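Peer 1: sequence first, then the predicted structure, then my questions.
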Amino acid sequence: MLQRTDYKVKIPKVDTNFEDFKTTLNQPTGNFFYDPWEMKPEFKGTKWEKLLKSLPERHGEARVIVMQPGTTYMAHADIDNRWHLSLQGEQSYLLDLENLDMHLLEQDGYWYYMDAGRLHSASNYGSIPRVQLVVRELLNVTDNNNLIKVTIRPAAQQYDYRYKFDSVVSPWLNRANQNKIIKDFTVQDDAVSFKTSIAELSDLKLTKDFKIAMDSVS
């Protein structure tokens with residue numbers, strides 16, 4: 001789930017005086033998922049820009065994520081893979097829930113590439129805040145033009161719909177993106193839309209919690 005890259009940087013001293021536990025350092029230049037992002041003016045010329053430039057990849061949203069001691073995330077998956085740079089922490093782990101593996105997050109200066117399509121979580125078992133710089137990978141685009149438009153939304157109001165979506169739909173979306181068989185992915189409220197081929201949908205096993213609509217694309 002987590003692979004070390006060849007990209008390395010000297011880790012600076014960090015502070016955790018952010019108002020939110022997730023602070024976005026950059027801003028979109030176009031489509032949220034497909035177009036590169038640029039640094040926000042307030043972070044230009046700072047250590048955050050220097051750290052981000054050590055990742056020589058076209059990328060999307062970059063966030064400083066602070067996880068307090070004794071906290072964890074709900075199990076989930078993501079359509080887009082991520083790069084992780086660990087800036088501070090002790091006894092902090094990324095958890096591969098599909099393979100029951102724990103990945104210790106070390107402050108070794110290396111960027112790590114994460115397969116976010118696997119069901120995963122993160123936990124901080126230490127006594128200090130865990131600080132990570134987490135960067136979204138831009139989505140791929142398919143060259144296939146024989147596509148249909150697909151929209152998936154809740155079949156009814158559900159308090160835990162995001163949890164169900166991330167368990168059932170997000171892993172398929174991630175693999176479809178990696179295999180370049182979807183395009184034009186969008187999110188609006190609780191619904192997601194994208195274009196793919198009818199054949200690829202056979203691997204998407206939805207439960208009664210979801211409603212799916214398909215339209216031909218001219």
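Peer 2: Yep, that arrived. Numbers count the residues shown, from 1 in each chain.
Peer 1: all helices of the protein, in order?
Peer 2: Ranges of helices in the chain, per DSSP state H, are 47-53, 161-168, 170-178.
Peer 1: among those, which comes closest to residue 79?
Peer 2: In terms of CB to CB, the element of the helices of the chain nearest to residue 79 is helix 170-178, at 4.2 Å. All C-beta atoms are positioned from the backbone trio N, CA, C, and that covers glycine.
Peer 1: show me where pLDDT drops low in this protein?
Peer 2: Counting by pLDDT under 70, the ranges of the chain that qualify are 16-20, 217-218.
Peer 1: let's see 90
Peer 2: Scanning the chain for pLDDT under 90 picks out the ranges 12-21, 141-146, 189, 197-203, 215-218.
Peer 1: that one - how does it break down into domains?
Peer 2: Structural domains assigned to the chain are 2-137, 148-216, following automatic domain parsing.
Peer 1: rebuild those domains as TSV, extending it with mean neighbour count.
Peer 2: Putting the domains of the chain into TSV (neighbours: other CB atoms under 10 Å) gives the following:
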stretch	mean neighbour count
domain 2-137	16
domain 148-216	15
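Peer 1: residue contacts, the closest residue to residue 114 other than its chain neighbours?
Peer 2: Using CB to CB, 6 or more residues apart in numbering and skipping the chain neighbours, the partner closest in space to residue 114 is residue 82 (4.6 Å). Counting by CB atoms under 8 Å, 6 or more residues apart in numbering, residue 82 makes contact with 113-114, 116, 134-137.
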